[in-house]
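kindly return the folded structure for what I paste below:
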Amino acid sequence: PTPARRGAAGREAAAPARASHAGRGRRRESVEAMRTVRALWGASHPGPSVVVTALALALGLAAGLEPWRLAVLVASVLFGQLSIGISNDAIDRERDRAVGRTDKPLVRGEVSNRSAWIAASGSVVIALALSAVLGWGMLLAHAVTIVSAWSYNLGLKSSPLSVVPFLVSFGLFPSLATLSSSAPTLAAPFAAVAGAALGAAVHLTNVLPDLDDDRDTGVRGLPHRLGAPISVVVAVAGIVVAAIAVLIGGRSDGVLPWLFFGAVLALAIAVVVRMRLRGPDRTGFRLVMAAALVLAAQLVVAAGSLR
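The predicted structure is shown next:
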């Protein structure tokens with residue numbers, strides 16, 4: 001063969017090798033991207049994020065939202081929660097590293113702080129853009145809940161006012177559903193009271209397992225100042241107040257509201273028993289979130305009571 005033909009044959013022989021190399025490169029990039037997504041999901045506090053998103057779904061159903069409005073509400077709340085959770089881990093990375101929190105993806109080095117901040121910031125933008133689709137009222141309310149939660153991450157967690165962001169964000173949370181409707185309005189006062197009371201319980205029970213680690217890294221919020229025993233009492237009181245508020249404000253007759261009320265009281269008792277037997281752990285927080293889901297289900301059953 002002539003030199004030209006040999007050159008052409010060489011290029012043809014090399015083409016599959018280059019294609020194979022490019023394919024392996026794309027696969028590696030795809031694997032790395034999936035690892036980053038999994039790490040960011042792990043940094044988002046996925047359990048609470050999913051529960052709060054489920055609460056938004058339940059409250060949207062209770063508010064009688066049209067399907068498309070319900071879908072946008074749920075998506076906007078999910079992205080808001082992702083921003084809150086990821087920013088929390090990004091801000092606390094060095095503190096978590098100091099106390100050996102190897103359960104945190106950022107501490108393990110599975111994702112960079114830069115990527116976490118990009119994801120948290122992007123999630124805020126998406127959350128607010130989706131909220132704007134549902135109206136200015138929803139946009140403003142959701143912005144307040146997100147700013148409130150970020151203020152906790154950025155420093156209020158270390159002050160006696162650490163509970164305030166939870167009172168604000170959870171108190172306003174039911175209104176995200178009612179403000180997403182075609183006739184937007186704030187949620188009924190009882191729903192705000194129930195949300196704020198549950199928010200206090202969520203804060204107090206979520207912090208308890210980390211009291212010692214937090215003290216070692218200079219965090220002294222309200223639960224640290226109250227101590228574990230008083231924090232548990234206040235948290236249980238918050239659950240009971242929320243249950244009473246929904247029972248009275250839910251405007252539902254028959255035995256069903258009382259069954260829901262009894263279920264929430266049982267969960268409140270379970271919090272006390274668990275804390276007494278095992279000490280502060282994540283189970284108390286999970287029980288509080290379960291109580292929130294039960295109360296949301298009660299509102300779905302009592303259709304129309306959220307307004």
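
alpha carbons only for contacts and neighbour counts from here, please
Fine.

how about the residue nearest the centre of the chain: what's its closest non-neighbour residue?
Ranked by distance to the mean C-alpha position of the chain (CA atoms, centre = their mean), the top residue is residue 49 at 2.9 Å. Excluding the flanking residues, the one nearest residue 49 by CA to CA, 6 or more residues apart in numbering is residue 81, at 5.4 Å.

quick one, phi psi at that neighbour?
Residue 81 adopts backbone torsions of phi -70, psi -40, taken as degrees, to the nearest 10.

OK, contacts around it?
Residue 81 is in contact with 44, 49, 52-53, counting by CA atoms under 8 Å, 6 or more residues apart in numbering.

same deal with residue 65?
So residue 65 contacts 177, 180-181 (CA under 8 Å, 6+ apart).

hmm, back to that, you'd agree the residue nearest to the centre of the chain is up against residue 79?
No - with contact defined as CA atoms under 8 Å, residue 49 does not count as touching residue 79 (9.0 Å).

so which residues of this structure form helices?
With helices called from DSSP state H, the chain shows them at 3-43, 46-62, 67-91, 93-98, 105-108, 113-133, 136-154, 164-178, 189-207, 211-216, 222-226, 228-249, 256-278, 282-301.

let me know the pLDDT of residue 3.
For residue 3, the model assigns a pLDDT of 56.

nope, residue 225 is what I meant
90.

phi and psi next, for the closest residue to it other than its chain neighbours.
Nearest residue to residue 225, sequence neighbours excluded (CA to CA, 6+ apart): residue 160, at 7.5 Å. Dihedral angles of residue 160 (phi, psi; degrees, to the nearest 10) stand at phi -60, psi -10.

try residue 63
Dihedral angles (degrees, to the nearest 10) for residue 63: phi -80, psi 0.

if I pick the residue nearest to residue 225, what's in contact with it?
Residue 160 touches 220-222, 225, counting by CA under 8 Å, 6+ apart.

what residues are up against the residue nearest to the centre of the chain?
Counting by CA under 8 Å, 6+ apart, residue 49 has contacts 78, 81-82, 85.

against residue 307, how distant is it?
Relative to residue 307, residue 49 is positioned 25 Å away (CA to CA, to the nearest Å).

hang on, residue 181 packs against residue 68?
No - Residue 181 lies out of contact with residue 68 (CA under 8 Å); the separation is 10.4 Å.

who has more neighbours out of the two?
Between residue 181 and residue 68, counted using other CA atoms under 10 Å, residue 181 has the larger neighbour count: 20 against 10.

which phi and psi does the spatially closest residue to the more buried one that is not a sequence neighbour have?
Leaving aside its sequence neighbours, residue 181 sits nearest to residue 65 (CA to CA, 6+ apart; 5.7 Å). Dihedral pair for residue 65: phi -70, psi 150, per degrees, to the nearest 10.

what pLDDT is listed against residue 65?
The model's pLDDT for residue 65 equals 95.

from residue 211, how far off is the residue nearest to residue 207 when sequence neighbours are not counted?
Distances taken as CA to CA, 6+ apart place residue 223 nearest to residue 207, at 7.0 Å, with adjacent residues excluded. From residue 223 over to residue 211 the distance is 8 Å, taken as CA to CA.

over to residue 97?
From residue 97 to residue 211 the distance is 16 Å (CA to CA).

sweet, I'm off.
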